[in-house]
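Novice: Pasting a predicted model and its sequence here:
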Amino acid sequence: MTTANSEVDRLKQIATDVAYTSVGIGILAFQKTQVRRRELMEEIQHEFPHATAFVAKQVDTTVSSVAMLLTSLINSRTDSHTTK
């Protein structure tokens, strides 16, 4: 039975090593992605200095439109429930 136990222990160790290695590779990939994202942001800001302001304005306009639409839908639904 000690041979079977040692084989099980060896498999557990291999599984643990694989899990740690996978997590480590995942962390490194995430960090590399973040570095590349920052590099791209710097390139975009250098090449298109007004792009950030334009995109921010577009996002703000879109969010405002969606908020107004949702408010209108909520108000109309509230009004229809109070009239019943």
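Specialist: Nice, I can see it.
Novice: same for the lowest-mean-pLDDT helix or strand in the chain, what does it pack against?
Specialist: Ranking every helix and strand in the chain by mean pLDDT, DSSP states H and E puts helix 51-82 at the bottom, with a mean of 87. Judged by 3 or more C-beta pairs under 8 Å, 6 or more residues apart in numbering; DSSP states H and E, helix 51-82 is in contact with helix 2-47. The way it works is simple: take the backbone N, C-alpha and C, and place the C-beta from them, glycine included.
Novice: how big is the angle separating the helix it packs on from helix 51-82?
Specialist: Angle between the axes of helix 2-47 and helix 51-82 is 110 degrees (criterion: axes from the mean of the first three to the mean of the last three C-alpha atoms, to 10 degrees).
Novice: Please name every helix or strand in contact with helix 2-47.
Specialist: By 3+ C-beta pairs under 8 Å, 6+ apart, helix 2-47 packs against helix 51-82.
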